[in-house]
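below: sequence and its predicted model.
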Amino acid sequence: MTKQELVTKRANLWNSMNAFLDSHRTASGVLSEEDDATYAKMEKEFDSLTKEIARFDRKEMIDKEIAKPVNTPIFLNPKVEDEEEKAGRGSKNYKKSFWNMMRSKTVRPEVTDALQVGTDTEGGYLVPDEFEKQLIESLEEENIFRKLAHIIKTSSGDRKIPVVASKGTASWVDEEGLIPESDDSFGQVSIGAYKLGTLIKVSNELLNDSVFNLEAYISKEFGRRCGAKEEDAFFNGDGTGKPTGVLHATLGAETGVTTADSTKITADEIIDLFYSLKAPYRKRAVWILNDTTVKAIRKLKDGNGNYLWQPALTADAPDTILGRPVYTSSYVPEIAAGKKTVIFGDLSYYWVADRQGRTFKKLSELYATTDQTGFMATQRVDGKLILREAVKVLVQKAA
C-alpha cells in the first residue's frame, strides 16, 4: 500500500468515526459502553495508520541516505567543471583533507596545511561548507521548530534586534490647531550563542572500512542528538546556558486562554485561542501540541457541528485545526493542571541564531584502549521569541 493510499484510508476512517459518533451518541451526548468500545477500536486503527504514515516518512529519508554513493565513481570521460573552484572551506581540497584527517590515525603535513583555513580557536576544525549544509538539513529533519522559526547566522558577538514597543497614532485636530507629536518607541532583543555539543565514538574497524560512510553517519547522528536537545530548549529553555523557549513564563508567548477545567479542553476554548491572536498573525499561524492533546481535541466540534480537527487528504500536507496546520512535539506539555498545552501563532517571530561554523575535534588517543576513535561535535546557537504577541498559548486551569 502506498503512502497516499494510507492517507486516503485514514481520512475515510476519520469520516466513518465522525459519522459513528453523530449517530450513536445518546440524548445526553455520550456513547453507550458497547459503542464506546467500538469507537475505541476505530480510534486504535486510526492511530496505527498515523504511525504507519510516519514510518513511510522515515523510510523515505533512510532510502535517500542509503542511495548516496559510498565512494567516488570512476568516469571514463571526466566532466569539466564549468564553475570556478571555491576557496576556503568551500574548496574540494579542504573537504578532501578534512575527511582524510577524520579517518587517518597519522595526519600528513599537507593535510594539516590545507586545514589551517578552517582552524577553530578551541583546537578543532570547522566543517566544510557543503557538510555544514548537511548538518543543518539533519537538524531540520529532527527538529520541527527549525522548519517554522526564522533562522539567522551570526559571526561573532550578540545580535541586536530592534523591536517596536509601541506605535504612534494620528489625532483629530481643529482647523489650524496644533498636531500632537506621537512617535514610535523601540525596544531591543539581544541574541547570543550557547554551546551545544555531543561526543560520537566509532570503532577503528569501521573507520578503516572504505564502505562505511563516515560523513553520512556523523551528519545523521549529530542531527538526531542536537536536534532533540535544541527542540526541547526552543520550547522549554530558561535562557540560562541555553535558548529562551517559547513557553517561558515572562519572555515566551502570551497567554491567550486559560481553561475552565484543569484536565479538559473545550471547543470554545480552542476557538477563543484562535481569535485571541491578531488577524495578521493568523495568516501564517500554526498549532503545536502534544500527540495526547491532539487525541483529546479530535472529538470537539464548533457551533455549526463541524469537527475542529481535520486529517490531511494528501501525503505531504499536515493535519489542520480550524484550517491551520497542526504540528506535534513531545516537548509540549501534556494536559495537566497549570500546564501550557496548546501553542498557536506565527513561529517566524521566534528567531534561531546559528553562530556560523560547526566544529569537529577528533580524539584519537582517548579511547585507544577500546580501539575506538572519538569525534566531538559542537555548535553555538541561541533562540528567542522576538514579538510575544505573535504567539499565544492555552493554559490549563491551576489545580
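Yep, it's here. Residues are numbered from 1 along each chain as shown.

what number of residues are in the vicinity of S32?
For S32, the count of nearby residues is 11 (other Cβ atoms under 10 Å). Bear in mind the C-beta positions are built from the backbone N, C-alpha and C, glycine included.

for M61, see how far away it is.
For S32, the distance to M61 (Cβ to Cβ, to the nearest Å) stands at 44 Å.

what of G227?
Distance of G227 to M61, computed by Cβ to Cβ: 13 Å.

for stretch 238-254, what is the average pLDDT?
Stretch 238-254 carries an average pLDDT of 94.

verify the contact between A149 and D346 for me.
No: in this structure, A149 is not within contact of D346 by Cβ atoms under 8 Å, at 10.3 Å.

per the record, what domains does this protein have?
Per automatic domain parsing, the structural domains of the chain span 1-68, 93-165+184-243+352-385.

and these, which one's lowest on average pLDDT?
domain 93-165+184-243+352-385 (a mean of 74).

what's the helix of greatest length in the chain packed up against?
Longest helix in the chain by number of residues (criterion: DSSP state H): helix 33-66. Here helix 33-66 touches helix 3-24, going by 3 or more Cβ pairs under 8 Å, 6 or more residues apart in numbering; DSSP states H and E.

check which residues of the helix it packs on are buried.
By 16 or more other Cβ atoms under 10 Å, the buried positions in helix 3-24 come out as K3, L6, V7, T8, K9, R10, A11, L13, W14, M17, N18, L21.

what is the nearest of the residues you listed to N306?
Nearest to N306 among the buried residues of helix 3-24 is N18, at 9.6 Å by Cβ to Cβ.

who's in contact with that closest one?
By Cβ atoms under 8 Å, 6 or more residues apart in numbering, the contact set of N18 is Y307.

that one and G241: what is the separation?
As judged by Cβ to Cβ, N18 and G241 stand 47 Å apart.

and A315, by the same measure?
A315 is 40 Å from G241, by Cβ to Cβ.

same deal with T378?
For T378, the distance to G241 - Cβ to Cβ - is 14 Å.

neighbour count: the two, which is higher?
T378 (19 against 10).

between the buried residues of helix 3-24, which is nearest A368?
Out of those, the member with the shortest distance to A368 (by Cβ to Cβ) is K3, at 46.3 Å.

neighbours around N143, how many?
Using other Cβ under 10 Å, the number of residues around N143 comes to 23.

so how far is R282 from the nearest residue to it once chain neighbours are set aside?
The shortest distance from N143 to any non-neighbouring residue, by Cβ to Cβ, 6 or more residues apart in numbering, is to G227 (4.0 Å). For G227, the distance to R282 (Cβ to Cβ) stands at 28 Å.
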